[in-house]
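Engineer: Give me coordinates for this.
(2 chains)
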There are 2 protein chains.
Amino acid sequence: MDRVKGFSKFSKMDKLKWVCSQLPKEKASAFYELRHYWHEDAKVQQRFDEFSENTISNFTFPYSVAPNFLINGKNYCVPMVIEESSVVAAASKAANFWSTRGGFKAQVLGEIKSGQVHFFSEKPFSFLKEEFSSKISEIKKAISVFDSNMIARGGGVQEIALIDKTSELENYFQIDLKFKTCNAMGANYINTILEEVANFLRVHWPFAQVNMAILSNYTPDCLVEASVSCPIDSLGENAQEFVLNFKRAIDISHVDKTRAVTHNKGIFNGVDAVILATGNDFRAVEACGHAYAAREGKYKGLSQLSLENNHFRFSLTLPLSVGTVGGLTNLHPLAKASLDVLGNPSASELMMIAASVGLAQNFAAINSLVTTGIQKGHMKMHLLNILSGLEASRSEIEQAKSYFSDKTVSYTAVRNFLASMRISQ
Amino acid sequence: MDRVKGFSKFSKMDKLKWVCSQLPKEKASAFYELRHYWHEDAKVQQRFDEFSENTISNFTFPYSVAPNFLINGKNYCVPMVIEESSVVAAASKAANFWSTRGGFKAQVLGEIKSGQVHFFSEKPFSFLKEEFSSKISEIKKAISVFDSNMIARGGGVQEIALIDKTSELENYFQIDLKFKTCNAMGANYINTILEEVANFLRVHWPFAQVNMAILSNYTPDCLVEASVSCPIDSLGENAQEFVLNFKRAIDISHVDKTRAVTHNKGIFNGVDAVILATGNDFRAVEACGHAYAAREGKYKGLSQLSLENNHFRFSLTLPLSVGTVGGLTNLHPLAKASLDVLGNPSASELMMIAASVGLAQNFAAINSLVTTGIQKGHMKMHLLNILSGLEASRSEIEQAKSYFSDKTVSYTAVRNFLASMRISQ
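Structural biologist: Next up, the predicted model:
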């Protein structure tokens, strides 16, 4: 690729043309491919383009639904956006299974988010504390104009505290703010207020050097729990053996990091599919969730199993910062459609839905892993992808499905099967 | 939503119709909205539908490019798929800045992935070790049929080891396999081989109870480093002050978890945009990266700064398991287009590109945070989203842009500005 100057000022069409002009001749059709995904309604397309910068096209992911998610007695059909085979099938299967066993119970354990003004000062904490006390009402006044709207909605700044961090880093302090952001994820709101506090310090505290003012994506107090439970006997035929193996799988995820990471990855397969479908920020959710998994100093699986009184109770507690207003949630036509399909939930309700889907996913994954193995279901789904990549005809697809119904699917095996079929014709 | 039976057997159109039939009357247009995003070429659409299950539509994200990424002396125009304002703008800005200062240097530090057969046994380790030694050649033979293709491409199983985990959990052991997967992410390949090993144990080791066989998404030995460096003097006007504040920001990310999570979240804004654009699995990348950030027992920022010999050297080391063949990479027309735009890189090259974009993103974020604050750039980008949500006309947009060029953008401020304009008309 050549260097290019002033690219961001090009029109979208010129950007696309420039990119494609840089491709080798045999790839020239990329232009039509990328152009093809533009939305035909220019106004809608413009909206997509405004989400980001230097856009040349739209990228598509399959948009699915998992029906029959019974959560707190209410039945949901959950929109899921995910590119990985078998995630939606697994969630749907687990949803169906639990819908006849009382469904998912979920509760929000907290809704507090935080942000910090990080600063350095050579003054002792006692001095700063006094200065902080004497200025706190002025600080509150300075931010009130940006907080009034959120306060009117029932949220707003909850606490402002000065924190001594000098034991961790020389001369390092924080002004720590706690927020309730109602149905918004609240990143812009939080950052705007923090920057006002930072500006206040810059003007009024000559003895402090502000380093940065920024929300924290670590929100351990914005927490949700989802659970399922039933008598062990109701788990089906080999309930005792199943429960033993399930318990072992959970125990492993709590002691072994190589497994814990994949265990939690599976949980986020479900959570993120809901996050993407509703226009929320999956990087924030992932960063927070995995840091939370390591909160005790050792990275662990996030779900818990209890087997007291012959009851199987499987639960997931994780921090989730999401919104159902603001950001893309109402701007992206499909995020909006997802919220409609969910019955226009509050942010708390969406936390409970996403956590339930994460738990369902985890249940389905462990269920497969400790019984038939993950590949049987997964490769059955992925078989179509492999066949598609090998440009199998409709009749070849049908024959392959039947042939592999009781055999191990792998790329090589499918390729060899097709080759032998094609030769024998 | 009602409960529904046999939903997965419905045709796609019937699924969509059923979902929309459940919506309140005033939301009936959702059908046309969701139907609208179907690809007009039925064959292409079928391919998307085969990626997942229960699909009713396609979800779109803006597809952008960041040009002028100079990495190891080669100039890239990097495709990025991300819904968050200002990520692509920030990456492009950082790419331009470093392209005149030697660009990004990147190197792959390892390409080894792993997977485990987790099992339980009451036998002592010494006994299992002997059994393992006596059976290892048979195990290798059992998996060879699934490994031959990968070996032919230069990869394959690298090591098979028995691991004693009884100090962590009673009777718990692993068979741990190390893999090279060449240009594939390799999840299906790894899982298929692990399940063969598990099957072998089930048949030949009556004294072992297999719990599960599954790849690990924790790949600390599949590692890449990206860095930028230049003399401190070349960093612009207030280089000394900038470097002091930049250094403090990095130090904070190493001691304070509230900041570290957001710091790394910013890195993954860049990394994931490349992961999504190339059809890779962002949950795997996120889970591994954040667990790696907590590998020393404390969750820390992933980037490092050194200031030796008046040189500013900023680097990022992170594990990244990606593929440029297999999975969706060649099946999704736009993932394929992304790989074309990148010059059809190997998996190692893609690791270096993604890490460089992550580092660029981190540089841009810290640069903003320690100078103007994040909101100035971000809200300038987000202003268009707010205006779009408030259905501003073209002339209102122009006036708002000019009005807010030197003012703090917030939802309330923009709404009030529009209201006052509309009243005064």
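
Engineer: From chain B, how far off is residue A:112?
Structural biologist: Remark: distance between residue A:112 and chain B (CB to the nearest CB, to the nearest Å) = 13 Å. In this view, the C-beta of every residue, glycine as well, is placed from N, C-alpha and C.

Engineer: neighbours of that residue, just the number please.
Structural biologist: 15 (other CB atoms under 10 Å in any protein chain shown).

Engineer: give me phi/psi at the closest residue to it other than its chain neighbours?
Structural biologist: Nearest non-adjacent residue to residue A:112, counting by CB to CB, 6 or more residues apart in numbering or on different chains: residue A:221, 4.1 Å away. Dihedral pair for residue A:221: phi -100, psi 10, per degrees, to the nearest 10.

Engineer: need the strands for the stretch 51-200 of chain A, in chain order.
Structural biologist: A:55-71, A:74-81, A:105-108, A:113-120, A:156-164, A:172-180 (DSSP state E, counting those that start in this stretch).

Engineer: ok and the first one relative to strand B:74-81, angle-wise?
Structural biologist: With axes from the mean of the first three to the mean of the last three CA atoms, to 10 degrees defining the directions, strand A:55-71 sits at 40 degrees from strand B:74-81.

Engineer: now check strand A:55-71, is it near chain B?
Structural biologist: Yes - counting by CB under 8 Å from any CB of the partner chain, contacts between strand A:55-71 and chain B involve A:55-68.

Engineer: want to try JSON lines for these, with neighbour count as columns?
Structural biologist: JSON lines is the format used below for these (neighbours: other CB atoms under 10 Å in any protein chain shown):
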{"residue": "A:55", "neighbour count": "25"}
{"residue": "A:56", "neighbour count": "28"}
{"residue": "A:57", "neighbour count": "28"}
{"residue": "A:58", "neighbour count": "23"}
{"residue": "A:59", "neighbour count": "26"}
{"residue": "A:60", "neighbour count": "26"}
{"residue": "A:61", "neighbour count": "26"}
{"residue": "A:62", "neighbour count": "27"}
{"residue": "A:63", "neighbour count": "28"}
{"residue": "A:64", "neighbour count": "27"}
{"residue": "A:65", "neighbour count": "29"}
{"residue": "A:66", "neighbour count": "30"}
{"residue": "A:67", "neighbour count": "25"}
{"residue": "A:68", "neighbour count": "24"}
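
Engineer: quick one: the strands in the stretch 201-350 of chain A?
Structural biologist: A:209-215, A:223-231, A:303-306, A:311-319.

Engineer: now the angle from the second one to strand A:311-319?
Structural biologist: In terms of direction (the same axes, to 10 degrees), strand A:223-231 departs from strand A:311-319 by 170 degrees.

Engineer: for strand A:223-231, the distance to its chain's centre please.
Structural biologist: 19 Å (CA atoms, centre = their mean, to the nearest Å).

Engineer: So which elements touch it?
Structural biologist: strand A:105-108, strand A:311-319, helix A:347-370 (3 or more CB pairs under 8 Å, 6 or more residues apart in numbering or on different chains; DSSP states H and E).

Engineer: Could you do the last one as well?
Structural biologist: Using 3+ CB pairs under 8 Å, 6+ apart as the contact criterion, the secondary-structure elements in contact with strand A:311-319 are strand A:223-231, helix A:257-277, helix A:282-293, strand A:303-306, helix A:347-370.

Engineer: Kindly recompute the last result at 6 Å.
Structural biologist: strand A:223-231, helix A:282-293, strand A:303-306, helix A:347-370 (3 or more CB pairs under 6 Å, 6 or more residues apart in numbering or on different chains; DSSP states H and E).

Engineer: In three-state terms, how would residue A:50 be classified?
Structural biologist: At residue A:50 the chain is in helix, as set by DSSP: H, G, I helix; E, B strand; the rest coil.

Engineer: Report how many residues lie close to it.
Structural biologist: 21.

Engineer: give the contact list for it.
Structural biologist: By CB atoms under 6 Å, 6 or more residues apart in numbering or on different chains, residue A:50 lies in contact with B:384, B:385, B:388.

Engineer: Name the helix or strand for the second one, please.
Structural biologist: Counting by DSSP states H and E, the element that carries residue B:385 is helix B:374-389.

Engineer: State the next helix or strand along the chain beyond that helix.
Structural biologist: Criterion used, DSSP H and E; the element after helix B:374-389 is helix B:394-403.

Engineer: Okay, buried residues for that following helix please.
Structural biologist: Buried residues in helix B:394-403, counted by 16 or more other CB atoms under 10 Å in any protein chain shown: B:396, B:397, B:400.

Engineer: just stretch A:244-256 next, same as before
Structural biologist: Using 16+ other CB under 10 Å as the test for burial, stretch A:244-256 gives A:244-256.

Engineer: quick one: which of these is nearest chain B?
Structural biologist: For the buried residues of stretch A:244-256, the minimum distance to chain B (CB to the nearest CB) is 4.0 Å, reached by residue A:255.

Engineer: residues in contact with that closest one?
Structural biologist: When contacts are counted by CB under 6 Å, 6+ apart, residue A:255 touches B:168, B:169.

Engineer: Can you give me the end-to-end span of stretch A:26-37?
Structural biologist: 20 Å (CA to CA, to the nearest Å).

Engineer: mean confidence for it?
Structural biologist: Mean per-residue pLDDT for stretch A:26-37: 91.

Engineer: That one and chain B, any residue contact?
Structural biologist: Yes - judged by CB under 6 Å from any CB of the partner chain, stretch A:26-37 and chain B are in contact via A:27, A:30, A:33, A:34.

Engineer: Burial check on the last one, number of neighbours?
Structural biologist: Counted by other CB under 10 Å, the residues lying close to residue A:34 total 24.

Engineer: Once you drop chain neighbours, what's closest to it?
Structural biologist: That would be residue A:57: by CB to CB, 6+ apart, it lies 4.2 Å from residue A:34.

Engineer: State the pLDDT value of the one you found.
Structural biologist: pLDDT at residue A:57 comes out at 97.
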